[in-house]
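Student: got a sequence here, can you model it:
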Amino acid sequence: MSDTPAAAARRDAGHAVEAPACTLDRPAPALLRGWRCLRLVLHLVLGALTIALVYPFTRRPTHQALRRRWSRALLKVLGIELDTRGEAVAPGCMLVANHISWVDIFVINALAPAAFVSKAEVRAWPLIGWLAAKNDTIFLRRGSRGHARIINAETAALLDAGCNVAIFPEGTTTDGSRLLHFHAALIQPAIACAHPVQPLALQYLTPAGHFTRAPAYDGELSLGQCVANILAARRTVARVTVAAPIATADGGDRRSLASRTRAQIARVIGVADAAPALPGDASSRAH
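Tutor: Model prediction:
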């Protein structure tokens, strides 16, 4: 499947490397897609009610347990099977992952509930912004150094409390067959408060183990089209390969740490390690 013009432009700008083409599968029957769609709507309503009625009377450990259970149920509704490999996710780590889809957030939460760093614009989105804010999302306003210091402090407080904070240092999504440059500035808070970083390699596969772009939310694809593609896939495997935590207390710089985490993820997903540094790395963006 070829890239849209926008996706191709982003690929070239990010020094991306192609992986083997995806294997297409027969779409799910219309009845199954309709049933999944109905269950998805009901599941979203359940999540909103849980946050509105249960969160105010419970503490963060309960919120995290509910978030993990809800995320696992969401994956089942979407026909996605979670396949975890490698190490256990350690508490108090910054989780560094490649970025393919909006589903990535729930795949990670199904494994180990985490706070996510997101662009500030998400906070203004109807319902989604409210849900994100109630689930420890850290909203980053791009281009503001003063705000970056506030974000670093919020991230440090969560890590010090034993929570995980997840980032997508590519700053945008791909279809999963390539890996873009990692913006090192997003890793700085972990170094500043001497907490480890832990790489997570995300892959979406068919049941036979072939690459699929069904969950990809890239290029000019709309959110509705992305959801439709997920619902149309008979079954998708979300594989998360967890590497060992990398200590930051030894004073290593953020660029070398970004390169190291990228290289580990690249080896798992099967693309080249090397990614030349891009100008303006300090002004990275987060999704």
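Student: count of neighbours near the residue lying closest to residue 99 once chain neighbours are set aside?
Tutor: Excluding its sequence neighbours, the residue lying closest to residue 99 (C-beta to C-beta, 6 or more residues apart in numbering) is residue 168, at 3.6 Å. Quick note: C-beta positions are derived from backbone N, CA and C, even for glycine. Neighbour count of residue 168, defined by other C-beta atoms under 10 Å: 26.
Student: close enough to count as contact, residue 168 and residue 98?
Tutor: Yes. With contact defined as C-beta atoms under 8 Å, residue 168 and residue 98 form a contacting pair (7.2 Å).
Student: residue 203 in helix, strand or coil?
Tutor: strand (DSSP: H, G, I helix; E, B strand; the rest coil).
Student: mind listing what it touches?
Tutor: 176, 211, 238, 239, 240, 241, 268, 269 (C-beta atoms under 8 Å, 6 or more residues apart in numbering).
Student: greatest separation within these: which pair is it?
Tutor: The span of the contacts of residue 203, defined through C-beta to C-beta, is set by 211 and 240 at 15.2 Å.
Student: neighbour-wise, which of the two wins?
Tutor: The neighbour count for residue 211 versus residue 240, taken as other C-beta under 10 Å, is higher for residue 240 (22 against 18).
Student: you'd agree the more buried one is up against residue 108?
Tutor: Yes. Applying C-beta under 8 Å as the test, residue 240 and residue 108 come out as touching, 7.3 Å apart.
Student: mutual contacts of those two, please.
Tutor: With C-beta under 8 Å, 6+ apart as the test, residue 240 and residue 108 both reach residue 200.
Student: closest to the centroid, which residue in the chain?
Tutor: Centroid-nearest residue in the chain: residue 104, 3.9 Å away (criterion: C-alpha atoms, centre = their mean).
Student: that one contacts residue 168, doesn't it?
Tutor: Yes. The criterion here is C-beta under 8 Å, and residue 104 meets it with residue 168 at 7.2 Å.
Student: joint contacts of these two?
Tutor: Contacts common to residue 104 and residue 168, judged by C-beta under 8 Å, 6+ apart, are residue 97.
Student: got any ranges where this structure has weak pLDDT?
Tutor: Within the chain, the ranges that satisfy pLDDT under 70 run 1-25, 142-147, 251, 273-287.
Student: all strands in the stretch 101-250 of the chain, in order from the N-terminus.
Tutor: 114-119, 138-140, 164-167, 197-205, 236-242 (DSSP state E, counting those that start in this stretch).
Student: adjacent strands (with direction) for the shortest one?
Tutor: What it means is strand 138-140. Paired strands of strand 138-140, with direction, are strand 114-119 (parallel) (DSSP bridges).
Student: grab the nearest non-local neighbour of residue 187.
Tutor: residue 254 (5.0 Å).
Student: enumerate every residue touching residue 173.
Tutor: 99, 100, 101, 216, 217, 218, 287.
Student: any idea which of the residues you listed is the one closest to residue 259?
Tutor: Among those, and counting by C-beta to C-beta, the member closest to residue 259 is residue 99, at 17.3 Å.
Student: okay, now that closest one: neighbour count?
Tutor: Using other C-beta under 10 Å, residue 99 has 23 other residues around it.
Student: how much space between it and residue 215?
Tutor: 11 Å (C-beta to C-beta, to the nearest Å).
Student: check residue 196 too.
Tutor: Residue 196 is 28 Å from residue 215, by C-beta to C-beta.
Student: neighbour-wise, which of those two wins?
Tutor: residue 215 (24 against 16).
Student: for the more buried one, which non-adjacent residue is spatially closest?
Tutor: Going by C-beta to C-beta, 6+ apart, residue 215 has residue 101 as its nearest residue, at 4.2 Å.
Student: quick one, what contacts that neighbour?
Tutor: By C-beta under 8 Å, 6+ apart, the neighbours of residue 101 are 173, 204, 215, 216, 217, 226, 230.
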